[in-house]
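>>> what follows is a predicted protein model with its sequence.
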Amino acid sequence: MTIKLNFINQSNDRNNSEIVFFQKNVATDFDELAVAWKTIKFCGQGDNHPFNFPMTMEISASDSYGNFTPKMKADNGEMFHVTLDGSGNVLASDGAGTSAKEVQCRNDLSSGSINAGIYKDGKLLARKTSIAPSQKAVFEFKPTLWVGVVSQVEEGQVMNSAIMSDVNTELSLLGIDSADIVLSGGGPGKNSSAFKFTLENIVMA
């Protein structure tokens, strides 16, 4: 299933701000830094920007030698692992993981760390680095999308804590087939209001 979203700029902003969308990996016990999954730039007042949010995910891994595996479809409850075979280091499914809500990736190499990345719509959504042998990365996402007005954020890059602390809008996409994400507020001077994101024209699945 793919949710069809449409960002609409109805704000008073004239600073050419960027809009960032991301998800948080809730499988960790601490607030880890998130990856900027999608950024929208130069979307002027009254403009709109349609995009897709697929519920499906993909996983890829890289090793300490700089090799990247092909992306593989990843379902919640699935365990992946990186092993050494006759061709080199490979990523493969290893059946069911220890949690039905998580995608897990274990390093089964005898030496050398790996990195694991989760992708949505071909874009990097979350990343775990320096996974040592016999350790695993865990990924779990709620059906929500975080959105905020930012500057100098690049798609696919890890955002710093200062940027993440400024983003406080979490939109629930549970059961939605399509919706508009409307930005209002902003503008110059003392009469300006805070930026606000709202879901409108919602079509339920």
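Everything's here; your move.

>>> tell me the contacts of Phe197?
With contacts defined as Cβ atoms under 8 Å, 6 or more residues apart in numbering, the neighbours of Phe197 are Val147, Thr169, Leu171, Ile181, Val182, Leu183. (Glycine included, C-beta is placed from N, CA and C.)

>>> and the closest residue in space to Phe42 that isn't next to it in sequence, how far from Ala132?
The shortest distance from Phe42 to any residue that is not its chain neighbour, by Cβ to Cβ, 6 or more residues apart in numbering, is 6.6 Å, and that residue is Asn16. Taking Cβ to Cβ, to the nearest Å as the measure, Asn16 falls 43 Å from Ala132.

>>> what sits closest to Gln152 if chain neighbours are left out?
The spatially closest residue to Gln152, leaving aside those adjacent along the chain, is Glu18, at 7.6 Å (Cβ to Cβ, 6+ apart).

>>> okay, now the unreliable bits of the protein?
By pLDDT under 70, the low-scoring segments of the chain are 29-31.

>>> hang on, Phe68 packs against Val82?
No: using Cβ atoms under 8 Å, Phe68 is not in contact with Val82, being 11.3 Å away.

>>> who has more neighbours out of those two?
Between Phe68 and Val82, Val82 has the larger neighbour count (other Cβ atoms under 10 Å), namely 24 against 12.

>>> next, the contact list for that one, please.
Under the contact definition (Cβ under 8 Å, 6+ apart), the residues listed for Val82 are Ala61, Asp63, Thr69, Asn89, Val90, Leu91, Cys105, Arg106, Asn107, Asp108, Leu109, Ile114.

>>> OK, contacts around the last one?
Taking Cβ under 8 Å, 6+ apart as the definition of contact, the neighbours of Ile114 are Ala61, Ser62, Asp63, Ser64, Val82, Asn89, Cys105, Asn107, Ile131.

>>> care to break this structure down by domain?
The record assigns the chain these domain ranges, following automatic domain parsing: 2-54+143-204, 57-139.
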